[in-house]
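Predicted model and sequence below, questions to follow.
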Amino acid sequence: MYTEKDARCFKPADPSVVKILGKENIVDTCLSAGLTIKETAVILEILEGNTTDLSIARALRIAPGTVNSHLSRIFLRFGYSSRLLVALKVISEVLQKHISNY
């Protein structure tokens, strides 16, 4: 389980990551990977720098337990158990799609 201590161990992605990659590109990548809209919203919040269940829950106006449930399914889908690794995977996928379009 991800803790507050873990959150202090790394600097989350700069909020400009979403601007640079494009929210639409991130959403498309997540949906193509089989994530739901709500799971995609959780990933967007992580990429915006919200690194705890509580901060994500506040941003999305849902319960922290619901965030945890979404994260559990996201981790299963991507095969990772870390928010950072999931964020890096999504960023990598978006960049690969963007580069292959050129």
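Thanks, I have it.

So which residue is smack in the middle of the protein?
Residue closest to the average C-alpha location in the chain (C-alpha atoms, centre = their mean): residue 43, at 2.1 Å.

quick one: secondary structure of that one?
Residue 43 falls in the helix class when you classify it by DSSP: H, G, I helix; E, B strand; the rest coil.

Adjust the sequence numbering to begin at 24 for everything that follows.
Taking 24 as the first residue, the last one we looked at is residue 66.

quick one: it and residue 121, what's the gap?
Residue 66 sits 17 Å away from residue 121 when distances are taken as C-beta to C-beta, to the nearest Å. (Glycine included, C-beta is placed from N, CA and C.)

if we can go back for a sec, ok, the residue nearest to the centre of the chain - contacts?
Residues near residue 66 by C-beta atoms under 8 Å, 6 or more residues apart in numbering: 49, 53, 58, 97, 109, 110, 113.

need the contact list for the nearest residue to residue 40 once chain neighbours are set aside.
Nearest residue to residue 40, sequence neighbours excluded (C-beta to C-beta, 6 or more residues apart in numbering): residue 70, at 5.4 Å. By C-beta under 8 Å, 6+ apart, the residues touching residue 70 are 36, 40, 41, 49, 110, 113, 114.

out of those residues, which are buried?
Listed as buried from the contacts of residue 70 are 36, 40, 41, 49, 110, 113, 114; burial here means 16 or more other C-beta atoms under 10 Å.

chain center to the one helix or strand the fifth one maps to: distance?
Right, residue 110. Take DSSP states H and E as the rule and residue 110 turns out to sit in helix 106-123. Distance, stretch centre to chain centre, for helix 106-123: 10 Å (C-alpha atoms, centre = their mean, to the nearest Å).
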